[in-house]
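Asks: Structure for this input, please:
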Amino acid sequence: MSDKKFHFNMFDYANRAQPEFVEIADAHRPYVKMGEDNMYPHYLEALYTGSAIHSAVVKGVADMIYGHGLGSPEEDKHVDQYLNLQALFSDKTCLRRLCFDYKLYGQGYLNVIYSADRSKIAEVHHLPSANLRSGQVNDDGEVEVFYYSDNWAEVTQGRKEPQPIPAFDTQDRTAASQVLHIKQYSPISHYYGVCDYIGSQRYIDLDREISEFHLANIRNGLMPSLILNFNNGVPSSEERSDLERLIYDKFGGATNAGKFLMTFNDSSENAPTIESFQPTDPQQVYAFMSSEVVTKILSGHRVTSPLLFGIRDEGGGFGSNADEMRDGYDLFYHTVIQPMQEHIVQNLRPLLSVNNIVLPIEFKKLVPAAFMEKKEEPRVAPAVQMSSEKKISEGQGQVWLNRLKFKASPMPEGWVEVKRETVDDHKVDRRIHERQYFYNEYANFEEPSEWGDVTGPDGTQFALRYEYKQTDDTPRQYGSREFCEDMMRLADQGAKYRYEDIQDMGDDGVNEDFAAAGEDRYSIWEFKGGKYCRHGWVRVIYASQADQTLSREELAAEWDEVMKRVGANPYVPGVGIEREAPNQMPNRASLK
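Replies: Okay, here's the model as predicted:
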């Protein structure tokens, strides 16, 4: 048996498991874990910092979403609301960071701070998405609280407790500090948003691994590419270590590239041999992997043109690239950026409505280069053909919308909602508002209330607001008009109006050519959206809480006493055309 000795050094490389998105809710903790180890957001951060292509796309898309910040096409018409909007987000980094988190994590958080009297929102701040975890849902399937910590590793290990913060609620304002959660929908999640590039995460991770491999290849010098065989015996362990150290110091690392190796031997048989240890055609392998990684990452982000993020394809001059960028950006903006912008704005609406900001808002579009700006041809408005039937056209309805949606009059602090009633007779509300203090013996005419409309028999100050709602459940014959759809959206956002603001529309002669023959006014109060309209008005009754000891039921009974006096019938209000939707009225509300 041969007495030759062989020695091998073996290196074990561990296989790193890729984190997966998963939500874990159990009875042992009040919050819901994000990932098996509750550290999934930090994995997304590692992907962002580890892949040059991915980080460029995330940063670019976040900048496109934010654009030039929030603005309004009607900011010049409603200066006060626009200034309130800017004051609410006076911290210019708040929305920009929200947009970045929305892209990177698929969700974002805002810290909403109510004023001391809870009448409005005083401040809005950004909260890092990696620091928030959702609480578990209640019996109604709603999340009532979120949990904040700047070190979830310690929380998961039981060494630290997270801070609970109530979820944002326009009605329950007990807590001054609340959290608004804006997330992208995904069928694989309930509590958290899922980033839109989740399908390409493995390729993003691969891009990171490739860069680490090449970096290690340079740092390790000869190790990955060469085998040195010494043919003059096996040295001792100490001699092997010294030899390995000397070779690495002299030839390892990027700065030692280009040096030569010189050996001295007593015979060719004892001379060291150097063998190449590289894969077949490595350039082609790495070129394919790099190209495949770029393609998959861009596909995961739904990028329509790599040029938008500084990635140039082969061939093509600047002219053709300019066309590609212009068309690619237009498609990318309308299919990716704009839906994200609209989703964020939609989630900001309830927050803005608290401060009575109801003007239309949007993110101002960011155009990366001047030559990419599309110049639209001026549009010629089509001639409007007047119909003999009574119905609101888009242009006519817009006149009301432009006034009504900025006339929303929310009740201030100190008023409680008592009840809601469908308005059955428009004459009843006219009587109420013509004689606001119906019970004269309880009225103080010298100091009238700014908000109160009528004084009850027990001295309670009542105030009325009106909501635009569907009041006819019969199947529709035609689709809803844009006017009615916009009014319903405003109602869903909590918009309520004063009686006089609704009446002013007809009294000012708005669309007088739209009125019935021989008249100079059209009443949106009576005819709403016109012929076939299925909507009506709902009366919302509030009571002042000043020196108030009555229960809500007692307040409702007192209001019923008011209605017995005011209504056409001494005891029961008469049923007229006010509640009726035009679709239920004679001739379906056709006035001509």
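
Asks: which residues in the stretch 51-200 of the chain form helices?
Replies: According to DSSP state H, counting those that start in this stretch, the stretch 51-200 of the chain carries its helices in the segments 52-66, 79-88, 93-104, 152-156.

Asks: Send me the third one as PDB with only the CA atoms.
Replies: In PDB, the C-alpha atoms belonging to helix 93-104 read as follows (Å, rounded to 0.1, in the frame of the first residue of the first chain):
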ATOM      1  CA  THR A  93     -40.900  65.200   3.300                       C
ATOM      2  CA  CYS A  94     -44.000  63.600   4.600                       C
ATOM      3  CA  LEU A  95     -45.800  62.700   1.400                       C
ATOM      4  CA  ARG A  96     -42.500  62.100  -0.500                       C
ATOM      5  CA  ARG A  97     -41.600  59.400   2.100                       C
ATOM      6  CA  LEU A  98     -45.100  58.000   2.000                       C
ATOM      7  CA  CYS A  99     -44.800  57.500  -1.800                       C
ATOM      8  CA  PHE A 100     -41.400  55.900  -1.400                       C
ATOM      9  CA  ASP A 101     -42.700  53.400   1.300                       C
ATOM     10  CA  TYR A 102     -45.700  52.700  -0.900                       C
ATOM     11  CA  LYS A 103     -43.500  51.500  -3.700                       C
ATOM     12  CA  LEU A 104     -40.800  49.800  -1.600                       C
END
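
Asks: Need the contact partners of that helix.
Replies: 44-45, 48, 58-59, 61-63, 65-66, 69-70, 89, 107-110, 124-126, 128-129, 182, 184, 193, 195-196, 340, 344 (CB atoms under 8 Å, 6 or more residues apart in numbering). From N, CA and C alone the C-beta is placed, and that goes for glycine too.

Asks: Restricted to buried residues, select the residues you listed in ChimeraX.
Replies: Applying 16 or more other CB atoms under 10 Å to the contacts of helix 93-104 leaves a buried subset, and the ChimeraX line that selects it is:
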select :44,48,58,61,62,63,65,66,70,89,107,108,109,110,124,126,129,182,184,193,195,196,340,344
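
Asks: Deepest-packed of the helices of the stretch 51-200 of the chain, please.
Replies: helix 93-104 (a mean of 22; mean count of other CB atoms under 10 Å).

Asks: and it, what's its mean pLDDT?
Replies: The pLDDT scores in helix 93-104 average 96.

Asks: Show the pLDDT at Tyr147.
Replies: 97.

Asks: Please report the number of neighbouring residues for it.
Replies: Using other CB atoms under 10 Å, Tyr147 has 21 neighbouring residues.

Asks: and Phe462, what element?
Replies: strand 461-470 (DSSP states H and E).

Asks: Helix or strand next in line after that strand, which one?
Replies: In N-to-C order, the element after strand 461-470 by DSSP H and E is helix 482-492.

Asks: Quickly list what Val167 is bridged to.
Replies: If you look again at residue 167, you'll see it is Ala, not Val. Judged by DSSP bridges, the bridge partners of Ala167 are Val179.

Asks: can you pull the contacts of it?
Replies: With the criterion set at CB under 8 Å, 6+ apart, Ala167 makes contact with 135, 142-146, 178-181.

Asks: after the host helix or strand of Glu324, next one along is what?
Replies: Using DSSP H and E, Glu324 falls within helix 318-332. Using DSSP H and E, the helix or strand that follows helix 318-332 towards the C-terminus is helix 338-354.

Asks: Give me the three-state assignment for Met289.
Replies: helix (DSSP: H, G, I helix; E, B strand; the rest coil).

Asks: Which helix or which strand is home to the residue nearest to it when sequence neighbours are not counted?
Replies: Nearest residue to Met289 in three dimensions, chain neighbours excluded: Ile210, at 6.4 Å (CB to CB, 6 or more residues apart in numbering). According to DSSP H and E, Ile210 maps onto helix 201-219.

Asks: What angle do helix 52-66 and that helix make with each other?
Replies: 130 degrees (axes from the mean of the first three to the mean of the last three CA atoms, to 10 degrees).

Asks: Could you list every helix and strand in contact with helix 201-219?
Replies: Here helix 201-219 touches helix 40-50, helix 52-66, helix 282-300, going by 3 or more CB pairs under 8 Å, 6 or more residues apart in numbering; DSSP states H and E.

Asks: Which of the contacts of Ala167 are buried? Put it as a PyMOL command.
Replies: Those of the contacts of Ala167 that count as buried under 16+ other CB under 10 Å are selected in PyMOL with:
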select buried, resi 135+143+145+146+178+179+180+181
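
Asks: can you tell me which of the contacts of Ala167 lies nearest to Asp486?
Replies: Of all those, Asp486 sits closest to Leu180, with 24.1 Å by CB to CB.

Asks: got a list of what that closest one touches?
Replies: 109-112, 167-168, 347, 351.

Asks: Next one: it relative to Thr263, how far apart?
Replies: 71 Å (CB to CB, to the nearest Å).

Asks: Repeat that for Arg326.
Replies: 62 Å.

Asks: Show me which of the two is the more surrounded one.
Replies: Neighbour tally, Arg326 and Thr263, criterion other CB under 10 Å: the higher count belongs to Arg326, 17 against 9.

Asks: now that one: how far from His68?
Replies: Distance from Arg326 to His68, by CB to CB: 19 Å.

Asks: Kindly report the same for Gly494.
Replies: Taking CB to CB, one finds Gly494 at 29 Å from His68.

Asks: With neighbour numbers in mind, choose between the two.
Replies: Gly494 (17 against 10).

Asks: okay, that one: pLDDT?
Replies: pLDDT, Gly494: 72.

Asks: Give me the secondary structure label for it.
Replies: coil.

Asks: Now do the same contact list for Arg208.
Replies: 46-47, 50-51 are the contacts of Arg208 under CB under 8 Å, 6+ apart.

Asks: Which of those residues are buried, as a ChimeraX select command?
Replies: Those of the contacts of Arg208 that count as buried under 16+ other CB under 10 Å are selected in ChimeraX with:
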select :47,50,51
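
Asks: Put together JSON lines for the contacts of Arg208, with distance to Val79 on each row.
Replies: Output for these, formatted as JSON lines (distance: CB to CB, whole Å):
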{"residue": "Ala46", "distance to Val79": "46"}
{"residue": "Leu47", "distance to Val79": "44"}
{"residue": "Gly50", "distance to Val79": "47"}
{"residue": "Ser51", "distance to Val79": "45"}
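
Asks: From the contacts of Arg208, pick the one nearest Ile188.
Replies: Of these, the one sitting nearest to Ile188 (CB to CB) turns out to be Leu47, at 18.0 Å.

Asks: Identify the spatial nearest neighbour of that closest one, chain neighbours not counted.
Replies: In space, Leu47 is closest to Ile204, 4.8 Å off (CB to CB, 6+ apart).

Asks: residues near Tyr185, how many?
Replies: So Tyr185, with other CB under 10 Å, has 9 neighbours.

Asks: Asn347 versus that one, what's the distance?
Replies: From Tyr185 over to Asn347 (counting by CB to CB), the distance is 12 Å.

Asks: Mind listing the shared neighbours of the two?
Replies: What both Tyr185 and Asn347 touch, as defined by CB under 8 Å, 6+ apart, is an empty set.

Asks: How about Arg539, nearest residue that isn't a chain neighbour?
Replies: Counting by CB to CB, 6+ apart, the residue nearest Arg539 is Glu421, at 4.6 Å.

Asks: The one you found in helix, strand or coil?
Replies: strand.

Asks: OK, contacts around it?
Replies: 538-539, 541.

Asks: Using CSV, please lay out these together with distance to Arg240.
Replies: CSV is the format used below for those (distance: CB to CB, whole Å):
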residue, distance to Arg240
Val538, 90
Arg539, 94
Ile541, 93
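
Asks: out of the residues you listed, which are inside strands?
Replies: 538-539, 541 (DSSP state E).

Asks: now those residues: which count as buried?
Replies: 538-539, 541.

Asks: May I see the buried residues of stretch 358-368?
Replies: So, applying 16+ other CB under 10 Å, buried residues of stretch 358-368: 358-359, 361, 363, 366.

Asks: So which of these is the closest to Glu554?
Replies: Nearest to Glu554 among the buried residues of stretch 358-368, with distances taken as CB to CB, is Val358, at 33.5 Å.
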